[in-house]
Each structure stands twice: as structure tokens, then as C-alpha cells.
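*Asks:* This is a predicted model, with the sequence first.
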Amino acid sequence: MWLRVEELRVGLGCMRLDEERGAATIAAALAAGVTVFDTARAYPGNEELLARSLAGQGRARVITKGGMARPDGRWVPDGRARAIRADCEASRAALGDVPIDLYLLHAPDPRVSWSTSVRALLALREDGLVPRVGLSNVNRRQLDEALALGPVDAVEVALGPFDHGALRGGVVERCVELGIPVIAHSVLGGPKKGGRLRQHERLGAIARKHGVGPAEIALAATLVLDPLVVALAGAGRPETAAGAAAAARLVLDEEDRAALAEVLAPVSIAAPRPSAAGEVVLVMGLQGAGKSEAAAAWALRGYRRLNRDASGGSMSALHRRLDELLAAGERRIVLDNTYVTRAMRRAALEVAGRHGVAVRGLWLDVPLAAAQVNTVLRMLATHGRLLEPEELDGKTPDALGPSAHHRTLRTLEPPEADEGFAALEWVPFQRRPMPGAPARFIALDLLLDDDDRLRPGAAQLVAGETPAFGFGWRPGRAALPALGGLVAARHCPHPGGPPRCWCRPPLPGLLLAIAAERGIDLAHSSVLGASPAHRAMADALGAAYR
């Protein structure tokens, strides 16, 4: 097993180490008994710093991670097999004589098949590049799918007083069940939540009792969860590293443990009573899956609707409102929010369970392409046009950008019966008909050359009794030349790179905007294209492609 009984269960998270104090911080951690050091290829210069600082320290063990790119300082997962292997080889070279003890896949890449990334990770161990491999920042579904391909030696997740997702989502539960060590990162909240630690009354009270700081108690609270848990302290100063190591030696009494369990561990789900006690309905699915319409149907049956987009605020505030309504005696409530992870659903299930109310789950099983179509239709219905990239702030469902669905897919976990639902229904996708007349859509690549001159034969492509419309991507073009025979032409003028608009193929915005303006029935229309992106547009809209 990766976890050694004789070691401290607190390691040093090295992401924030700098050249000025990094070596001294690592030395202080070693002197305090820390043996585990966590870094990543994506932390610039970090592995090299560890290599210099840990040279000759035979008891030090290095965890590093690969499969993450940093273009322009952004965090972009890269789960391609060749990228994972290249990162591993680069880490081995950077660390030099300091061996890699555990190699982790930094995060799932939604653009790459998860099985492809996991197999590439497992191959590193099989080929002898590293002795042990594990996963980082995964949900329960991703963990189970990876375990079906081969054993993993450890799992690293955000876990601490301000990060309950891995607990509520069942990742820690699954690891403990299978004897897989859990490495907890961001225990102290990270840069965004660190200030909350100093203001936490419960942690502060226990810290004063033991004569330590709240950071040490937060680390100790995480270790109390299970002997398989190792906590990483993101220290940037020698004194902080030494204090973090001391947390592993704190002796907590039963009163401390009970108080910390309330801070960290999720409330257990009470057994629901599917009777006259009532029912809470969770309508779940991707953005654009049709949750609002489904919830409206339940509202007509007398259920009170709770929706974060309608009321504003956070999901935690929404669940507090659910708690208030159930406590006041309401027993028929429908919630239509994304709820794409076990952790998010667990919070609602806990609230209903405390009041003895059963929860029915409705999962709207909508493909990504159909969800994107619905999102654009909602935008057109609200604004009458496609919004520009700078207008896509994501604050409302009618102003979502194309990256919103991909962010959701990174953590998507379709619901399962073992989560505590009294009933769970999967609602299959049905394409919504768009009344209107048929039309032909012709890719501009077939009509214009790179200099926007008509290609030979363009007139023949346009000719026909059914109205023809042009569409395509012409970056930087403010306008298009006259195209004889076309009723109209629309183009995407936005630059390349990650899509920030809905009008660049294969996204469906251009065709949907034309159809909405002209009253076109896309299901009985055809697309004449020149690339796989054009075929993808046609398939998403139910149009014929040639």
C-alpha cells in the first residue's frame, strides 16, 4: 500500500513555494518529520526546487502530477496519452536523482475519453516509469470507471472544512471501502478560502484548547476522518510547515472529534418515508436539458418550485430555503437545477431526509448537442439574436457561453439509486419540432475561396427551388460579398482558439438564428457542407447532410 504506517499523515503541498523561501520551508518540513511532498509538472520550477532541496534525503517521497497544461497561465487539462507520458518523462528529468514515488493524473480532460487517459496513466506503471499511479480531482463515477480498467494506488481530492464535495459525492467512501489512500489537498481552503479559517468559531475554540492555530485543527479534523487519509498543508513559510507537521501528532478527545465531525462530515441521510409525508422532486440534467418545462409541469400539479436562477443566490442558500419550507409544513416541492454531481444532490437529499420526506429524482437524459441547441433557442427567444462573446456572462440561462456545458461535463455524474432516492426516473431525449418550411444551408467554404471570391460552380450549388442560405466561419470579416441566388448568408467573424461564441461551426447558432428569423423547419431541411464540423451541425439539428 502507498500509505506507510510509520509516516506522518501530513504532507507538504508545494504549489505555492517560491525560490526565496522554498528551500527553507522544505528543510523545516523535513526536520519536523514530513516525508511526503506534493508537486506537479504544471507548477513552474517546482519540481526543480524539490530536486535541489531533497537531494540525498532518502526518506522523502515525492508525489507529482501530469496531464495539465498552462497556456497563458490558465489551467487546461490535457488528457491525451502522449501528453501524459511526455509530462511524466519531463518530471523524471526535472527531479533527477529524486525518484517519483506516486504519479497522479492531475485532472480529467473533458475533450479526451476518460478511458484513454486512465490507460495512459496505468501504462506508466506497467512500463516501469513510476512505481505507483493515482488519480486527482475525480468524482465517484470517474473513480469507478478508472478502477474497472486497473488498480490505482491513491486518490487526491479537495477535502477539508470548506470542501465537502469528495465526502458528499462518495469518493472518500469508495476509497475507504476499497482500502485506497486518500490524499486531501486544499485542506486549509487555498488562496480563496484561507481567510475563512481564521474566522471559524468551532475550529478556533478547539485550537485555543490545544494551544495551536486553527490551521492545525483543520488538518487534524481531516485526519480524523479515516486512517487512510493523508492531509496536505500548502505551506509557504518554514514556521507554517513545522506547525502543519505538529497537527499529525495532536491528540483529540471524544468531545473534539464530535465537534469536528459536525464541521467536516456530511449529515447522514435519514430513511425517507414515501407516504403522505410528501415528496421532493429533483429535476436534473445539463444546462438546456428542459428542466424548466419539466418543473412547470410539476408546479401545475401543486408542487412549489425552487430554482436558483429564478431566486438568485447559491445552492446552499437554496437548500436552506428548502429546509425552511419543509420545517414550515410544505410537503410538495420541486427543484430544477443542474445537480450534475452526487455531492450537489446529497445536500438536497440530506435536507429532505431530516424531515422524513421522500425524494424522487428525474434525470433528463439529453445529449450535449441537443442541450446546446436548446441553450441557443432560449437565447434567441429572450434576446432575439445571438449574443456576442462579451455578453455571454453565464449569469442567466439565456446568456450561457459554449464552455458552460463542457465545464459541467468535467464533473458529470448521472444519478444512481444508491444515493437515497425513493424513486429515480430517466427521461429520454425527444427532439422538439420546429414548424416552418424546408430550406437548404450551404457552407461558405463551398462558395467562396480564401479571398472571398466566388468559386467556379457556386451558382449551380445555389440554384434550386428550395430557398438557400449561406453559413460559415470567416474570421475577421465584417461583411460578405454579394452571393447571387442566396436568400441570405450569415457568418461567424470571431477569431480562432477556444470557442467563445455560438456562431462558429460546429456550434449550431448560425443555422438556428436563420431558422428563427425565416420560419424554417430544420428537421426537413438539408445542409451542404465541407467538413466534419458542418456534419456535426446537421446532426445536432436533425437536418439531412450531404
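*Replies:* It's in. Numbers count the residues shown, from 1 in each chain.
*Asks:* Does the closest residue to Pro99 other than its chain neighbours fall in a helix, a strand, or a coil region?
*Replies:* Closest residue to Pro99 apart from its sequence neighbours, by CB to CB, 6 or more residues apart in numbering: Val62 at 7.1 Å. Bear in mind the C-beta positions are built from the backbone N, C-alpha and C, glycine included. At Val62 the chain is in strand, as set by DSSP: H, G, I helix; E, B strand; the rest coil.
*Asks:* where exactly do the helices run in the stretch 51-200 of the chain?
*Replies:* 81-95, 114-126, 140-147, 165-168, 171-178, 190-198 (DSSP state H, counting those that start in this stretch).
*Asks:* chain center to the longest one, what's the gap?
*Replies:* Put plainly, it is helix 81-95. 24 Å (CA atoms, centre = their mean, to the nearest Å).
*Asks:* Show me which residues of it are buried.
*Replies:* 81, 83-85, 87-88, 91-92, 94-95 (16 or more other CB atoms under 10 Å).
*Asks:* what's the answer for stretch 441-451, then?
*Replies:* For stretch 441-451, the neighbour count (16+ other CB under 10 Å) marks 441-448 as buried.
*Asks:* now stretch 409-427
*Replies:* For stretch 409-427, the neighbour count (16+ other CB under 10 Å) marks 410-413, 415-416, 419-422, 424, 427 as buried.
*Asks:* same check, this time on stretch 348-361
*Replies:* Under 16+ other CB under 10 Å, the buried positions of stretch 348-361 are 348-353, 355-361.
*Asks:* Out of the residues you listed, which sit inside strands?
*Replies:* Cross-referencing those against strands under DSSP state E gives 358-361.
*Asks:* ok, so of the residues you listed, who is nearest Arg321?
*Replies:* Using CB to CB, Val359 comes nearest to Arg321 of those, at 15.9 Å.
*Asks:* what's across from that closest one in the sheet?
*Replies:* Counting by DSSP bridges, Val359 is bridged to Val280.
*Asks:* State the distance from it to Met284.
*Replies:* From Val359 across to Met284, the span is 11 Å (CB to CB, to the nearest Å).
*Asks:* Ok, Val462 next?
*Replies:* Distance, Val462 to Met284, by CB to CB: 45 Å.
*Asks:* which one of these two has more residues nearby?
*Replies:* The neighbour count for Val462 versus Met284, taken as other CB atoms under 10 Å, is higher for Met284 (26 against 21).
*Asks:* who does the host helix or strand of Ala231 pair up with?
*Replies:* Ala231 is part of strand 229-233 when elements are defined by DSSP states H and E. Strand 229-233 pairs in its sheet with strand 10-13 (parallel), strand 182-185 (parallel), by DSSP bridges.
*Asks:* Dump the ones you listed to CSV, plus mean pLDDT, distance to Leu228 and mean neighbour count.
*Replies:* Below are the strands paired with strand 229-233 laid out as CSV (pLDDT from 0 to 100; distance: least, CB to CB, whole Å; neighbours: other CB atoms under 10 Å):
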stretch, mean pLDDT, distance to Leu228, mean neighbour count
strand 10-13, 94, 14, 28
strand 182-185, 96, 6, 25
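*Asks:* Next one, pLDDT for Val267 please.
*Replies:* We have a pLDDT of 48 for Val267.
*Asks:* How many residues are close by Asp163?
*Replies:* Counted with other CB under 10 Å, Asp163 comes out at 21.
*Asks:* quick one, what contacts it?
*Replies:* 186-187, 189 (CB atoms under 8 Å, 6 or more residues apart in numbering).
*Asks:* go on, Gly169?
*Replies:* Gly169 neighbours (CB under 8 Å, 6+ apart): 139-140, 341-343, 346, 413.
*Asks:* Could you check how far it is from Leu3?
*Replies:* 22 Å.
*Asks:* swap in Ile217?
*Replies:* For Ile217, the distance to Leu3 (CB to CB) stands at 22 Å.
*Asks:* picking up where we left off before, how about the strands paired with strand 229-233 in CSV, adding distance to Ala299?
*Replies:* Listed next are the strands paired with strand 229-233 as CSV, based on distance: least, CB to CB, whole Å:
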stretch, distance to Ala299
strand 10-13, 47
strand 182-185, 41
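*Asks:* right, so of those, which gets closest to Leu105?
*Replies:* Counting by CB to CB, Leu105 lies closest to strand 182-185 out of the strands paired with strand 229-233; the figure is 13.0 Å.
*Asks:* So which helix or strand of the chain has the lowest pLDDT on average?
*Replies:* In the chain, the helix or strand scored least confidently by mean pLDDT, DSSP states H and E is helix 190-198, which has a mean of 68.
*Asks:* and the helix or strand following it, what does it pack onto?
*Replies:* Scanning forward in sequence from helix 190-198 by DSSP H and E, the next helix or strand is helix 201-210. On a contact count with 3 or more CB pairs under 8 Å, 6 or more residues apart in numbering; DSSP states H and E, helix 201-210 meets helix 214-224, helix 254-264.
*Asks:* residues of helix 201-210 that come out buried?
*Replies:* Across helix 201-210, burial judged by 16+ other CB under 10 Å covers 203, 206-207, 210.
*Asks:* swap in stretch 151-158?
*Replies:* Result for stretch 151-158 [16+ other CB under 10 Å]: buried residues 152-158.
*Asks:* Tell me what angle the strand holding Ala231 forms with helix 214-224.
*Replies:* 160 degrees (axes from the mean of the first three to the mean of the last three CA atoms, to 10 degrees).
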